[in-house]
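Chemist: below: sequence and its predicted model.
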Amino acid sequence: MKNYRIALLPGDGIGSEVMEAAWPVLQTLAERQGFSLEGDWLPWSCDYYLKHGTMMPTDGVEQLRAFDAIYLGAVGLPATVPDHVSLRELLLAIRQGLDLSVNARPHRLLAGVKGPLRTDRTFDILCIRENTEGEYAGAGGRVHQGGELEVAVETSIFTRAGVERVLRHGFEQARLRGGKLASVTKSNAQRHSMVFWDEMTDRVAADYPDVAVTRYHVDAIAARMITHPETLDVVVASNLFGDILTDIGAAIQGGLGFAASANINPAGGVPGMFEPVHGSAPDIMGLGLANPLATLWAGALMLRHLGEIAAAEALMAAIEKVTATGAGTPDMGGDLSTTQLAAAVTAAL
Ligand code: NAI
Ligand code: MG
């Protein structure tokens, strides 16, 4: 029997609640599908920081390399540890340490779920965001701080290798889906980096003549995601543009309770990290109100990435069987608790 070793990082706040609810669902699913999932719970979190002075052991990233995948809840408890410390030392350290250059997020309405703008289920978008460089490369500095001459510089970094690998992943995904790819730039205003991105898009597109490519400026596609989301399939964007567009994606799919994300290294050889998009939600922690569906959806992305396609599809089908009945947590207008909703998904498997 095939066995996968999964690093479980519940993290903080509702991170542990959604992980503790979702993991047994995945275990039952694996049993039914004829493979096994062996989870190692790793307590790296803000609590860990208070005890040890670091968010994870110094060899944390090295420890993670031994796993087949990483399944993460949420990180951050701003009342105890500042966000720039917790996020940078755990989440970003893992993304950068394992060179998880692609951040993929599916946006569609699950059966029975009503988005704020749409109730019909005609759109199905996969946003692919560059995850390691671009506008978030961190290159820059501040000079004359506090004085009259104060200046701040933040330089975007676009490398040929970095842009090519994220575009190539987008084209591969487009091939597996509807055959359409939207490349997002702002090349009318950013005439160096974004013109380069356009050129790289043309270059990579030559290897995928079966994929239809459309270029959009980021402002235009932001509006299009709201007015005509059904015209989009795979959307590939830089770090900053992708960050903003995926929040629009989460909004049109019904909110943070549904948004799931896969951080992967397309070259392989390291585990991917799969997580809900939401944070630790300190305002509702400990109350059993957290929606576990984003975490379960992230679990389906993980199983698909591991090659367990039938299991991933069975999980999504079970989730939608439940959402179609109108059952859900309070954010969905329902009255189920986190564990009750997860149990309903198990029952629907
Ligand atoms: P948040 O995503 O934790 O919460 C925003 C709002 O959405 C809150 O009102 C919350 O109750 C609600 N919400 C979030 N997830 C939900 C769920 N599954 N079910 C029902 N309601 C849900 O964002 P916030 O409050 O800005 O950040 C809280 C902490 O989380 C901070 O420390 C922040 O840095 C961290 N964070 C961590 C992320 C990660 O680990 N990937 C991502 C975003 C924030
Ligand atoms: Mg964001």
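Modeler: Thanks, I have it. Ligands and ions are numbered 1, 2, ... in the order given.
Chemist: endpoint to endpoint, stretch 264-271 covers what distance?
Modeler: 8 Å (CA to CA, to the nearest Å).
Chemist: buried ones in that stretch?
Modeler: Ile264, Asn265, Val270, Pro271 (16 or more other CB atoms under 10 Å). The C-beta positions use only the backbone N, C-alpha and C, and glycine is treated the same way.
Chemist: burial check on the closest residue to His144 other than its chain neighbours, number of neighbours?
Modeler: Nearest in space to His144, with sequence neighbours left out and distances taken as CB to CB, 6 or more residues apart in numbering, is Glu150 at 4.8 Å. Residues contacting Glu150 under the criterion other CB atoms under 10 Å number 10.
Chemist: which strand or helix spans the residue in the stretch 1-150 of the chain positioned nearest to ligand 1?
Modeler: Of all residues in the stretch 1-150 of the chain, Gly76 sits closest to ligand 1, at 2.3 Å by CB to the nearest ligand atom. For Gly76, there is no helix or strand it lies in under DSSP states H and E.
Chemist: list the contacts of the residue sitting nearest the centre point of the chain.
Modeler: Against the mean C-alpha coordinate of the chain, by CA atoms, centre = their mean, the closest residue is Ser261 at 1.9 Å. When contacts are counted by CB atoms under 8 Å, 6 or more residues apart in numbering, Ser261 touches Asn103, Ala104, Arg105, Thr246, Phe274, Glu275, Pro276, Val277, Ala298, Leu301.
Chemist: that one pairs with what?
Modeler: Glu275 (DSSP bridges).
Chemist: shouldn't Phe258 be within a helix?
Modeler: No: under DSSP: H, G, I helix; E, B strand; the rest coil, Phe258 falls outside any helix and is assigned coil.
Chemist: for the biggest helix by length in the chain, buried residues please.
Modeler: Assignment by DSSP state H gives helix 14-33 as the longest helix of the chain. Using 16+ other CB under 10 Å as the test for burial, helix 14-33 gives 14-23, 25-26, 29-30, 33.
Chemist: for that helix, packing partners?
Modeler: On a contact count with 3 or more CB pairs under 8 Å, 6 or more residues apart in numbering; DSSP states H and E, helix 14-33 meets strand 2-11, strand 35-41, strand 69-74, helix 293-305, helix 309-323, helix 338-348.
Chemist: take the first one, keep the C-alpha atoms, and write them as CSV.
Modeler: These are the backbone C-alpha positions of strand 2-11, laid out as CSV (Å, rounded to 0.1, in the frame of the first residue of the first chain):
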residue,chain,number,x,y,z
LYS,A,2,1.3,3.4,-0.9
ASN,A,3,2.1,5.6,2.1
TYR,A,4,2.6,9.3,2.2
ARG,A,5,4.4,11.2,5.0
ILE,A,6,2.7,14.5,5.6
ALA,A,7,4.2,17.3,7.9
LEU,A,8,1.2,18.8,9.7
LEU,A,9,1.7,22.4,10.8
PRO,A,10,-1.5,23.5,12.6
GLY,A,11,0.1,26.8,13.6
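Chemist: near ligand 1, which residues of this protein are found?
Modeler: For the chain, the residues in contact with ligand 1 (CB under 6 Å from any ligand atom) are 14, 74-76, 78, 83, 87, 91, 256-257, 275, 278-284, 290-291, 294, 331.
Chemist: among those residues, which ones are buried?
Modeler: Buried by 16+ other CB under 10 Å: 14, 74-76, 87, 91, 256-257, 275, 278-281, 284, 290-291, 294, 331, out of those.
Chemist: domain map for the protein?
Modeler: 1-113+256-349, 116-252 (automatic domain parsing).
Chemist: could you dump those to TSV with mean pLDDT?
Modeler: Shown next, in TSV, are the domains of the chain (pLDDT from 0 to 100):
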stretch	mean pLDDT
domain 1-113+256-349	97
domain 116-252	96
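Chemist: out of those, which one sits most buried?
Modeler: domain 1-113+256-349 (a mean of 20; mean count of other CB atoms under 10 Å).
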